[in-house]
Each structure stands twice: as C-alpha cells, then as structure tokens.
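Trainee: generate a structure from the sequence data that follows.
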Amino acid sequence: MRQNKLTDMQELFVLHFTSTEGVIGNASAAARRAGYSEKTAAEQGRQLLQKPHVQAAVKHANERNISGTTATKAAALLDLFIDDVTLPPRVRLDAAKTVLDRAGYIPPKAAAQEDEDDKPMEEWSIAELEAFVRRGEGLRLANDAEGDGPYDQPLPPRSGR
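Mentor: Below you'll find the model as predicted:
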C-alpha cells in the first residue's frame, strides 16, 4: 500500500493545526491559514483530518513538539512539584510517580510477596515465613543504618494470645 505524500497545502495545514498559536487543534482555522477557501475551510479541515496520511503527519508533528521543549518544561514542572514542601504530600507523590512512570521505571515485585497476599499468614509455608522475616530484618537494618526509623527502639515483649 502506497503512502500518500502531503501536498504543500496539507503540510501548511498540519503546521498550523499543530503549532500556530490560536489555531492549534482548530481544523477550520488551520485550513484557512493553509490557503483553503474561507467558504470551504470547515469542510476541508474535517476532510483533511480523516485522511490517514494527514493523521499520521499530525501525530508525528505532535510527537515532535512534545518531545522538544514541552517535555523539558513538563519535567521541570514535575521536579518543582516534587521539591515543593508547601504542596500536599499526595500531589508531590503523584508528581514523583509520573516522573518514574514516564522514565520507564517499574518497581520490582517479589514473587513471594504476591503469593503471600493471596493467602492468610497462617497458611504460609516455612519458606514463605522465613522470606517474610528476612525482608523485615532487611528493612529494620536499613532503618537502623539511617538512625531515624521506628526500629531504633527495642520491641516490647510479646504477650500471649
């Protein structure tokens, strides 16, 4: 299947539709700016957006626009949100998650943890219980190293059930 090449007017339409201030996203205005008749601009714009090769050009132009300064500005704004202690913690957390998500970070999940979530602790095997204890000890050691965690104090003695 042969891909259609954009005409000069279609290229102008895509340019205005995707990047001209006050015209972005307005097919009629973009068609007028590209040189289509004032009388038929609305219909021409609608028809242009139905053509697969024009749709592909619009998509490519939007990706190019977003991957440039817009992406840099968005990342900088998210950084500001993350660092702004006056914002609610939920906003800061959402900003951090967005940054990590866009960067492709996928948090590791331990297979044992997923298994543990599926059944009550009373039904865990010895190996599952030992893995759970090891993870807890690892967290305790990490907090002890920082010196400011809840594990800095000894645990109170356990009372019987």
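
Trainee: mind listing what F17 touches?
Mentor: V23, I24, G25, N26, A27, A30, G45, V58, A61 (Cβ atoms under 8 Å, 6 or more residues apart in numbering). Every residue, glycine included, has its C-beta placed from N, CA and C.

Trainee: for these, pick the one with the most neighbours.
Mentor: Counting neighbours by other Cβ atoms under 10 Å, A30 leads those with 27 neighbours.

Trainee: report all helices and strands that the helix or strand harbouring it contacts.
Mentor: Assigned by DSSP states H and E, A30 belongs to helix 27-34. Counting contacts by 3 or more Cβ pairs under 8 Å, 6 or more residues apart in numbering; DSSP states H and E, helix 27-34 is packed against helix 8-19, helix 41-48.

Trainee: for L87, which of those helices is the nearest?
Mentor: helix 8-19 (31.5 Å; Cβ to Cβ).

Trainee: show me where the protein has its helices.
Mentor: Assigned by DSSP state H, the helices in the chain fall at 8-19, 27-34, 41-48, 52-65, 71-83, 89-102, 111-118, 126-146.

Trainee: lowest average confidence across those helices, which one?
Mentor: Of all these, helix 111-118 carries the lowest average pLDDT, namely a mean of 52.

Trainee: hmm, back to that, what lies in contact with the helix holding A30?
Mentor: 9-10, 12-17, 20, 22-23, 38, 40-42, 44-46, 48-49.

Trainee: rerun at 10 Å
Mentor: 7-20, 22-24, 26, 36-38, 40-49, 58 (Cβ atoms under 10 Å, 6 or more residues apart in numbering).

Trainee: re earlier: tell me which of the helices and strands packed on helix 27-34 lies nearest to S67.
Mentor: helix 8-19 (12.9 Å).

Trainee: show me which positions of the closest one end up buried.
Mentor: By 16 or more other Cβ atoms under 10 Å, the buried positions in helix 8-19 come out as Q10, L12, F13, V14, L15, H16, F17, T18.

Trainee: so what's K5 scoring on pLDDT?
Mentor: pLDDT, read off for K5, is 91.

Trainee: could you give the number of residues near the closest residue in space to it that isn't next to it in sequence?
Mentor: Nearest residue to K5, sequence neighbours excluded (Cβ to Cβ, 6 or more residues apart in numbering): H53, at 7.4 Å. Residues near H53, counting by other Cβ under 10 Å, number 15.

Trainee: list the contacts for F13?
Mentor: Contacts of F13 were listed using Cβ under 10 Å, 6+ apart, and they are 6-7, 27, 30-36, 41, 44-45, 48-49, 54, 57-58.
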